[in-house]
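Participant: task: produce atomic coordinates for the following.
(4 chains)
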Number of protein chains: 2
Amino acid sequence: MARQVRRPTIIDVAARAGVSKSSAARVLAGTGNISDDTRDRVLKAAQAVGYERNYLAVGMRSGRSGMLGLVIPDITNPFWADVARGAQDRAAEAECSLLVFSSDWDGAKEAAHLRTLHRARVDGAVVNPVADNVDDLGRFGLPFVLIGSSAERFAGAASVGSDIGQAVQLGMDHLVYKGHPLPHVIVGPKSRLARTRFLNAVYRHVTARDLDPADLVIEDGEYTFEGGRAAMGRILDRHRDGHISIFAANDMMAIGALMAVRDHGLRCPEDVSILGFDGIPAGAFTWPGLTSIAKPGRAIGARAVESLIDEIDGQARQERVHLPCTLIERESLADLAQPPRKLSVAGRN
Amino acid sequence: MARQVRRPTIIDVAARAGVSKSSAARVLAGTGNISDDTRDRVLKAAQAVGYERNYLAVGMRSGRSGMLGLVIPDITNPFWADVARGAQDRAAEAECSLLVFSSDWDGAKEAAHLRTLHRARVDGAVVNPVADNVDDLGRFGLPFVLIGSSAERFAGAASVGSDIGQAVQLGMDHLVYKGHPLPHVIVGPKSRLARTRFLNAVYRHVTARDLDPADLVIEDGEYTFEGGRAAMGRILDRHRDGHISIFAANDMMAIGALMAVRDHGLRCPEDVSILGFDGIPAGAFTWPGLTSIAKPGRAIGARAVESLIDEIDGQARQERVHLPCTLIERESLADLAQPPRKLSVAGRN
DNA sequence: GTGAAAGCGCTAACAG
DNA sequence: CTGTTAGCGCTTTCAC
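Facilitator: Here you go, the predicted structure:
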């Protein structure tokens, strides 16, 4: 294969069009005043020689590389993949290239990727901060937008994430609608910021309906399949009468809980109802399908890139955006509000 | 936030070190002969002013941008995310940045992304070709490596993919081992190249064991959940006695098949055994867990980048690499080889 | 071993 | 409206 074919430059175009380099440049960059005739000839010449702008050179001259960076924990995680996709699409619209990096929730890796981005001269970056490197980013003088739940720990930076309050509200309302006024809650470990935010929203909802918050049963564990399974196991070991309703703060935990229900010889949704949170694709394939509150991953990615571009253009909005979550209704929630209707399956047995 | 802090250049470093621009450059690039003293002073100066090489400028001068491109159908698809991750990691090791694009299996989008890559002056690209744009890539004179099953349609290009023959062999062997000598096969539509390759391998395995290939039951459908569900439905409508064994050419179809089994009031693995192909994460959360042959996505991505780098460096190997698949054993396959052992669950009912 | 100088492809004053 | 000129930051001859 012919490697390194010499690519035509603006000089070739100018020569062929019989104009000066700068006239050609003006036409090609679409700036300044140009006579129709000149424009025509330059455009034709460019076409003829197969000219393609060298963005490396443009970048060098203008200080704008046309590249954006994205640093997320793991592209292999469906939520983050979704975020990446949103960012990609929005970047493509803006004719920007996106450099994507995975940090594995590791501060050192994150720092390394940030440095790489800086060296690559990206115009700005969207990052889900796992450590305090964001301060470095700021010091670099690189425009950036933060995403995810940990984003708000950092003052003075634009951020976009999902609206946990609205999400919990949505979930609790749905639970109430289906006849589960006071679900048991499975949340993450104490150390995590998201836990607090989630719980606060739950309490707000409970107190707003004049229910006794002390009746709320809370179990916690790691944000994993096993964490959810163990937490659910504990609940089941304790409580053995009547229907149990669960609101899990994370789909992996919800799926783990589902497994625990089976382990205990119970059925979902007949004996136990489960509502998840995240909207991961795997929830569609569990049995029963997992009803869940979906985070708008794609929208978050897209919005973050949008904010970033604004910031790069100097229209720094520096805002905190919270995007609404949506309900994905599948089969893991029994309809207790109208007992005779949906529970026929259970009744038949 | 301080936008556009002037970043120190090689000139600043040279001035501070009290040497010429070129000496500084030599030290910083690690080329040419330099006295220890000079090197020391330059390095110290660089450190002091916080110098960082401008890769845009380097790229312009050297014709190497240090960037690689990756074009896959959809970063949101777990297999492709895995490929992207492998590529990312390998690129990071080589100190390259990776531009990632999703083509949505759309030729036009693919072409657009390829053009963007070309304009961004990437040094090479890894692409899963959905259309015939790869010819363009070749014409561009851009080094590239193809990935995925459609890759081999293109002559004269390096490619890396999974070893379908070995994968099917592995699956069939496992099926035999578990007492399912002649599974029904659910494959993709006739138009797809992967179908043929899969079926050929199945036939090879069957004939090698002196079984009658005419006994092989083949159903096809789209490579989707619904496709698998429908195909399985047809099988179930026809065949109603004894255990049914299924080898699906794709996990989504396998999961669809699982659903069809439930639709028909049957149980997996007691009445129907299912073996999938892909190893998608969701297979861990179905009930029962899906036994599947996993494609080495991450390894494919990593290997592709490796080949690409070799090719860029002029050691064009131009080879076709086939990476082996592995078996993920979960619960969707009954052990028919030793009836009394595992089928106790079914027996109890 | 080191420095001076040319130039990668493009843009942006500055004259004309 | 157009051409001339001077760089952006770096590498790379080519002399010394």
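
Participant: and A:Leu193, how many residues sit next to it?
Facilitator: For A:Leu193, the neighbour count with other C-beta atoms under 10 Å in any protein chain shown is 13. The C-beta positions use only the backbone N, C-alpha and C, and glycine is treated the same way.

Participant: now do the contacts for A:Ala151.
Facilitator: A:128-129, A:157, A:159-161 (C-beta atoms under 8 Å, 6 or more residues apart in numbering or on different chains).

Participant: closest one of the residues you listed to DNA strand C?
Facilitator: In terms of C-beta to the nearest atom of the strand, no member of those lies closer to DNA strand C than A:Ala157, at 28.1 Å.

Participant: for chain A, what spans make up the helices?
Facilitator: For chain A, the helices defined by DSSP state H cover A:10-17, A:21-29, A:36-49, A:55-62, A:78-93, A:107-119, A:134-140, A:164-177, A:193-208, A:225-238, A:251-263, A:297-312, A:339-342, A:344-348.

Participant: including mean pLDDT, could these go into TSV?
Facilitator: Shown next, in TSV, are those (pLDDT from 0 to 100):
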stretch	mean pLDDT
helix A:10-17	89
helix A:21-29	87
helix A:36-49	89
helix A:55-62	86
helix A:78-93	95
helix A:107-119	88
helix A:134-140	69
helix A:164-177	96
helix A:193-208	92
helix A:225-238	95
helix A:251-263	95
helix A:297-312	94
helix A:339-342	49
helix A:344-348	39
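
Participant: re the thing from before, lowest pLDDT pick from the contacts of A:Ala151?
Facilitator: Least confident of the contacts of A:Ala151 in the model: A:Ala157, at 82.

Participant: what about A:Arg119, how many residues nearby?
Facilitator: Residues lying near A:Arg119 (other C-beta under 10 Å) number 17.

Participant: over to A:Gly301?
Facilitator: For A:Gly301, the count of nearby residues is 28 (other C-beta under 10 Å).

Participant: ok, for it, nearest residue in space, not its chain neighbours?
Facilitator: A:Gly86 (2.9 Å; C-beta to C-beta, 6 or more residues apart in numbering or on different chains).

Participant: which residues touch the nearest residue to A:Ala230 once chain neighbours are set aside?
Facilitator: Among residues not flanking A:Ala230 along the chain, A:Gly221 sits closest, at 5.4 Å (C-beta to C-beta, 6+ apart). A:Gly221 makes contact with A:186, A:188-189, A:227-228, A:230-231, A:253 under the criterion C-beta under 8 Å, 6+ apart.

Participant: rewinding a little: is it possible to get JSON lines of the helices of chain A that adds distance to DNA strand C?
Facilitator: Output for those, formatted as JSON lines (distance: least, C-beta to the nearest atom of the strand, whole Å):
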{"stretch": "helix A:10-17", "distance to DNA strand C": "3"}
{"stretch": "helix A:21-29", "distance to DNA strand C": "3"}
{"stretch": "helix A:36-49", "distance to DNA strand C": "10"}
{"stretch": "helix A:55-62", "distance to DNA strand C": "4"}
{"stretch": "helix A:78-93", "distance to DNA strand C": "20"}
{"stretch": "helix A:107-119", "distance to DNA strand C": "18"}
{"stretch": "helix A:134-140", "distance to DNA strand C": "23"}
{"stretch": "helix A:164-177", "distance to DNA strand C": "43"}
{"stretch": "helix A:193-208", "distance to DNA strand C": "43"}
{"stretch": "helix A:225-238", "distance to DNA strand C": "52"}
{"stretch": "helix A:251-263", "distance to DNA strand C": "47"}
{"stretch": "helix A:297-312", "distance to DNA strand C": "15"}
{"stretch": "helix A:339-342", "distance to DNA strand C": "64"}
{"stretch": "helix A:344-348", "distance to DNA strand C": "67"}
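
Participant: mind putting the ones you listed into TSV with distance to B:Ala57?
Facilitator: Shown next, in TSV, are these (distance: least, C-beta to C-beta, whole Å):
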stretch	distance to B:Ala57
helix A:10-17	18
helix A:21-29	19
helix A:36-49	25
helix A:55-62	6
helix A:78-93	23
helix A:107-119	11
helix A:134-140	18
helix A:164-177	44
helix A:193-208	41
helix A:225-238	49
helix A:251-263	46
helix A:297-312	20
helix A:339-342	67
helix A:344-348	69
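
Participant: how far away is the residue nearest to A:Leu290 when sequence neighbours are not counted from A:Cys268?
Facilitator: Setting aside the residues directly before and after it, A:Leu290 is nearest to A:Gly283 in space (C-beta to C-beta, 6+ apart), at 3.6 Å. According to C-beta to C-beta, to the nearest Å, A:Gly283 and A:Cys268 sit 13 Å apart.

Participant: ok, back up a step: separate out the buried members of the contacts of A:Gly221.
Facilitator: Buried positions within those, assessed by neighbour count (16 or more other C-beta atoms under 10 Å in any protein chain shown), are A:186, A:188, A:227-228, A:230-231, A:253.
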